[in-house]
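> Just the structure for this:
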Amino acid sequence: MLFNEDNFADIDLNLIIIFLVLFRERSVSRTAERLHVKQPAISGSLARLRKRFDDPLFLRSSRTMRPTSKAEELAQALTPAIRQIEAVIRL
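As a prediction, this is how the structure comes out:
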């Protein structure tokens, strides 16, 4: 077995992309713009991510979304993984 598919029952690659773009942009509206979706879609995805990881992930701070320590940890782990997936997709 290469991986346990049960671990992916409540998350998909799109949620990971949204998380990483939000981490970079620090803004729900800019994330929506970058991904060509409406802001409520990003807010809904963030709600799913918060539930999945049992953490707020981002806290509103004046005009930006400040990542929690859990979000920092996730971004650090997910960034190289998504780069590897991107490299495979480009083959």
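
> now the residue minimising distance to the centre of the chain: how far from Thr79?
Closest to where the C-alpha atoms of the chain average out (CA atoms, centre = their mean) is Phe19, at 1.3 Å. Remark: distance between Phe19 and Thr79 (CB to CB, to the nearest Å) = 10 Å. (C-beta placed from N, C-alpha, C; glycine too.)

> all strands for the chain, in order.
58-61, 64-67 (DSSP state E).

> Quickly compare the ones you listed and say which is most buried.
strand 64-67 (a mean of 16; mean count of other CB atoms under 10 Å).

> ok, and what's touching that strand?
If you take CB atoms under 8 Å, 6 or more residues apart in numbering as the criterion, strand 64-67 is touched by 22-23, 26-28, 57-60, 75.

> The lengthiest helix in the chain packs against which elements?
Counting by DSSP state H, the longest helix found in the chain is helix 69-89. Counting contacts by 3 or more CB pairs under 8 Å, 6 or more residues apart in numbering; DSSP states H and E, helix 69-89 packs against helix 13-25.

> re earlier: how close does the residue nearest to the centre of the chain get to Ser69?
Per CB to CB, Phe19 is found 15 Å from Ser69.

> rewinding a little: could you export the longest helix of the chain as PDB, CA atoms only?
What follows is helix 69-89, C-alpha atoms only, in PDB (Å, rounded to 0.1, in the frame of the first residue of the first chain):
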ATOM      1  CA  SER A  69       1.600  28.300  14.500                       C
ATOM      2  CA  LYS A  70      -0.300  25.300  13.100                       C
ATOM      3  CA  ALA A  71      -0.700  27.000   9.800                       C
ATOM      4  CA  GLU A  72       3.000  27.800   9.700                       C
ATOM      5  CA  GLU A  73       3.800  24.200  10.400                       C
ATOM      6  CA  LEU A  74       1.400  23.000   7.700                       C
ATOM      7  CA  ALA A  75       2.700  25.400   5.100                       C
ATOM      8  CA  GLN A  76       6.300  24.300   5.800                       C
ATOM      9  CA  ALA A  77       5.400  20.700   5.300                       C
ATOM     10  CA  LEU A  78       3.000  21.200   2.400                       C
ATOM     11  CA  THR A  79       5.100  23.500   0.200                       C
ATOM     12  CA  PRO A  80       7.700  20.900  -0.800                       C
ATOM     13  CA  ALA A  81       5.000  18.300  -1.300                       C
ATOM     14  CA  ILE A  82       3.000  20.500  -3.600                       C
ATOM     15  CA  ARG A  83       6.100  21.400  -5.600                       C
ATOM     16  CA  GLN A  84       6.800  17.700  -6.100                       C
ATOM     17  CA  ILE A  85       3.200  17.200  -7.300                       C
ATOM     18  CA  GLU A  86       3.500  20.200  -9.600                       C
ATOM     19  CA  ALA A  87       6.700  18.700 -11.100                       C
ATOM     20  CA  VAL A  88       5.000  15.400 -11.700                       C
ATOM     21  CA  ILE A  89       2.000  17.100 -13.300                       C
END
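
> All set, thanks.
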